[in-house]
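Participant: requesting a structural model of the entry that follows:
(one chain, ligands or ions: 1)
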Amino acid sequence: MPHITTSQGVWDLHRYPFRENDPLRAWDAADEYLLNEVATLTPKIETPRLVILNDSFAALSCCLHCFRPTMISDSFISRQALKQNLGGNQLPTDSVNFVDTLNYPEGIYNIVLIKIPKSLALLEDQLLRLRPHLTSDSTVLAAAMAKHLPSTAVALFEKIIGPTTASLMRKKARLLISSYDAGLETAQPEPACLNLDEFALKLVQHAGVFSMNKLDQGSRFFLEHRQKLPPAATIIDLGCGNGILGLVVAGMFPDAHLTFVDESYRAVASAKLNFETAYPGRDADFTVTDCLNGFKNDSADLIINNPPFHQQQTIGDHIAWQMFRQSRKVLSSGGQLWVVGNRHLGYHTKLKRLFGNCELVAGNSKFVVLRATKH
Ligand SMILES: C[S@@+](CC[C@H](N)C(=O)[O-])C[C@H]1O[C@@H](n2cnc3c(N)ncnc32)[C@H](O)[C@@H]1O
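Facilitator: Below is the predicted model of the structure:
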């Protein structure tokens, strides 16, 4: 059932993209834990100023919209889920203020709700950015399903925010409660650096972006076979992460126009930083969207793609499917989609079904590079 019953009301919530009869809920027991705690906390606070971080499908933000919270997220999908779920419950679209994780708004918050992300580096970066917005009146409540909670999370909260206690497990979810210690000394977060001498590239990337501190094995395998790419004038790096694939390909085709696309604000910001450093003065586009939403049909010669095989904590190939389907529309006649993926994911069959053709460019025991042409 897509209904969540909380002390704040009953709401109809769905994941984004919306799927009829979706077996997966838009919230979990960690959200319910946070909502229960907030219900006991808010009556004690005269003017609750609420900020909510990493609210995957905006369940917390919708349930708590009456406090006009700020929702901070790195995900365009979460932003779309917010719009969809506010609209679906006839709630005003301006009752929640969405901001991305690199641009915290001014002001002090007295209630902070955090869904703890998988990436500890992202959590650390978020806590460091959050700290200047807290005072000794602030309470930080953070929750995760116990199986996703990194073992060092409590230590990180103690290092950056202040004294932290872990509560009892409830429906396999764990809650951390942190209070602000004004005496702690912390620094502002810096993007990580990655030297890729073999490609003469020095990359930076914001915390939480795919494959921090090293080149992904799949991306490396793709790049080993890049000389087989066809010349192209318009190229899209779909699911660009820090931009590594597009950056190397841009070097091979100096006259090509590149567009870097990702649903992560941090990824697109990292790709932009890296492109501007590698190719000063060269024009390119940087787009935060869901797959290729908003792109014109028949507008690209080449799409390069290392697709994700999970959405937040849920493993599945529906995003890869959506990327392949939309690529077919966005490619011009004769245009090619190049995909790298784990051999066992069976992308070959999907591409063949969609495009009517799919060739193996290269393969080893783990990865395949595939090429599908739009006819
Ligand atoms: C396997 S990583 C590849 C990153 C980079 N291209 C590389 O090779 O290192 C997949 C990327 O797809 C992005 N992604 C996930 N879902 C997406 C969606 N719905 N639309 C656009 N990008 C998405 C992720 O944020 C991630 O950066």
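
Participant: quick one, strands of the stretch 201-350 of the chain?
Facilitator: Taking DSSP state E, counting those that start in this stretch as the test, the strands found in the stretch 201-350 of the chain are 201-205, 234-238, 257-262, 284-288, 300-305, 310-311, 314-315, 331-342.

Participant: and the ligand, which of those is closest to it?
Facilitator: When the strands of the stretch 201-350 of the chain are ranked by proximity to the ligand, the top entry is strand 257-262, at 4.5 Å, counting by Cβ to the nearest ligand atom. All C-beta spots, glycine's among them, are computed from the backbone N, C-alpha and C.

Participant: is the ligand contacted by that closest one?
Facilitator: Yes: using Cβ under 6 Å from any ligand atom, we find that strand 257-262 touches the ligand at Val261, Asp262.

Participant: check which helices and strands that strand is in contact with.
Facilitator: Contacts of strand 257-262 with other secondary structure elements, assessed using 3 or more Cβ pairs under 8 Å, 6 or more residues apart in numbering; DSSP states H and E, are made with strand 234-238, helix 244-252, helix 265-278, strand 284-288.

Participant: neighbouring contacts of it?
Facilitator: When contacts are defined by Cβ atoms under 8 Å, 6 or more residues apart in numbering, strand 257-262 is touched by residues 233-241, 243, 246, 249-250, 268, 271-272, 275, 283-289, 291-292, 300.

Participant: okay, now the closest residue to Leu184 other than its chain neighbours: neighbour count?
Facilitator: Distances taken as Cβ to Cβ, 6 or more residues apart in numbering place Gly162 nearest to Leu184, at 6.5 Å, with adjacent residues excluded. Here the neighbour count serves as a burial measure; for Gly162 (other Cβ atoms under 10 Å) it reads 19.

Participant: helix, strand or coil: sort out Gly162 for me.
Facilitator: coil (DSSP: H, G, I helix; E, B strand; the rest coil).

Participant: turn the helices and strands packed on strand 257-262 into TSV, columns for mean pLDDT.
Facilitator: Formatted as TSV, the entries for those read as follows, by pLDDT from 0 to 100:
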stretch	mean pLDDT
strand 234-238	98
helix 244-252	98
helix 265-278	97
strand 284-288	98
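
Participant: could you report the pLDDT at the nearest residue to Lys329 once chain neighbours are set aside?
Facilitator: In space, not counting the residues next to it along the chain, Lys329 is nearest to Asn297; the distance is 5.0 Å by Cβ to Cβ, 6+ apart. Predicted confidence (pLDDT) for Asn297: 98.

Participant: pretty sure Asn297 is touching Ser333, no?
Facilitator: No: Asn297 lies out of contact with Ser333 (Cβ atoms under 8 Å); the separation is 10.8 Å.

Participant: and for whichever residue of the stretch 1-150 of the chain sits closest to the ligand, the neighbour number?
Facilitator: Per Cβ to the nearest ligand atom, the residue of the stretch 1-150 of the chain with the smallest distance to the ligand is Ile77, at 5.8 Å. Ile77 sits with 23 neighbouring residues when counted by other Cβ under 10 Å.

Participant: now do the SS call for it.
Facilitator: helix.

Participant: related to what we said a few turns ago, who wins for proximity to Lys329 among the helices and strands packed on strand 257-262?
Facilitator: Of all these, the one in closest proximity to Lys329, counting by Cβ to Cβ, is strand 234-238 (12.1 Å).

Participant: ok, that closest one: who's next to it in the sheet?
Facilitator: Strand partners for strand 234-238, identified by DSSP bridges, are recorded as strand 257-262 (parallel), strand 300-305 (parallel).

Participant: contacting residues for the residue of the stretch 1-150 of the chain closest to the ligand?
Facilitator: Contacts for Ile77 (Cβ under 8 Å, 6+ apart) come out as Tyr16, Pro17, Ser56, Glu263, Asp290, Gln311.
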